[in-house]
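*Asks:* Pasting the sequence and the predicted coordinates here, then a few questions.
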Amino acid sequence: MPTTAAAIASPPSPGGSTTARRRKPLPLLRPRAASFLQPTRRLTARAVAASAGRRDRVVCKAKDASSATDHVGDVGEQTWDEAVLGCETAVLVEFWAPWCGPCRLMHPVIADLAKAYAGRLRCLRVNTDENQEVATRYGIRSIPTILIFSKGERKETIIGAVADTALAATVDRFL
């Protein structure tokens with residue numbers, strides 16, 4: 001009697017009979033229609049943007065972008081010691097680059113912060129492409145990076161784009 005895979009795979013019958021019972025072959029596994037992957041309703045681009053915009057959205061409250069950026073100054077290697085380390089008020093310094101998208105998202109947030117804390121906080125920007133020495137001195141490896149100085153001492157480091165409320169709460173600790 002030839003031995004088949006079905007005979008080997010099937011257990012002997014309870015009565016001790018040596019005849020092999022043939023089992024029905026298992027059906028081939030076919031992928032089911034991925035109904036869970038298909039949306040039940042079509043979302044328009046506006047609906048997607050509206051729902052995505054509800055979470056952790058950074059909002060610029062400035063009416064005129066040019067007037068808001070007037071409150072944020074640029075600083076470089078030559079002016080660093082005087083503008084940042086010699087300042088008696090708290091200083092917020094953003095390390096950025098023109099090609100960095102998250103950096104550009106942070107500009108209006110920092111400009112609004114500069115307007116809100118005028119006289120108590122000085123906000124500055126360092127272009128890391130043009131001032132690599134300053135970035136290297138402070139170990140900047142990712143942009144945007146925001147450093148907060150108080151009386152010439154580095155107090156806080158914030159890496160990446162953050163919400164305006166989180167940034168304001170951090171600044172409040174040092175004022």
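*Replies:* Thanks, I have it.
*Asks:* Could I get the full set of helices for this structure?
*Replies:* 5-9, 45-52, 65-69, 80, 101-116, 132-137, 164-172 (DSSP state H).
*Asks:* lowest-confidence helix or strand of this structure?
*Replies:* When the helices and strands of the chain are compared on mean pLDDT, DSSP states H and E, helix 45-52 comes out lowest with a mean of 41.
*Asks:* mind showing which ranges of the protein have poor pLDDT?
*Replies:* Judged by pLDDT under 70, the chain has its weakly predicted residues at 1-21, 24-70.
*Asks:* now do 90
*Replies:* Scanning the chain for pLDDT under 90 picks out 1-72, 88, 119, 151-152, 174-175.
*Asks:* For it, which segments are assigned as strands?
*Replies:* Along the chain, counting by DSSP state E, strands occupy 72-74, 90-96, 121-127, 145-150, 153-159.
*Asks:* can you list the ones you listed in JSON lines and add distance to C103?
*Replies:* Every C-beta, even on glycine, is put in place using the N, C-alpha and C of the backbone. Shown next, in JSON lines, are those (distance: least, CB to CB, whole Å):
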{"stretch": "strand 72-74", "distance to C103": "12"}
{"stretch": "strand 90-96", "distance to C103": "4"}
{"stretch": "strand 121-127", "distance to C103": "9"}
{"stretch": "strand 145-150", "distance to C103": "9"}
{"stretch": "strand 153-159", "distance to C103": "12"}
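*Asks:* Format those as TSV; extra columns: distance to R173 and mean neighbour count.
*Replies:* Listed next are the strands of the chain as TSV, based on distance: least, CB to CB, whole Å; neighbours: other CB atoms under 10 Å:
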stretch	distance to R173	mean neighbour count
strand 72-74	20	15
strand 90-96	10	23
strand 121-127	12	22
strand 145-150	9	20
strand 153-159	8	14
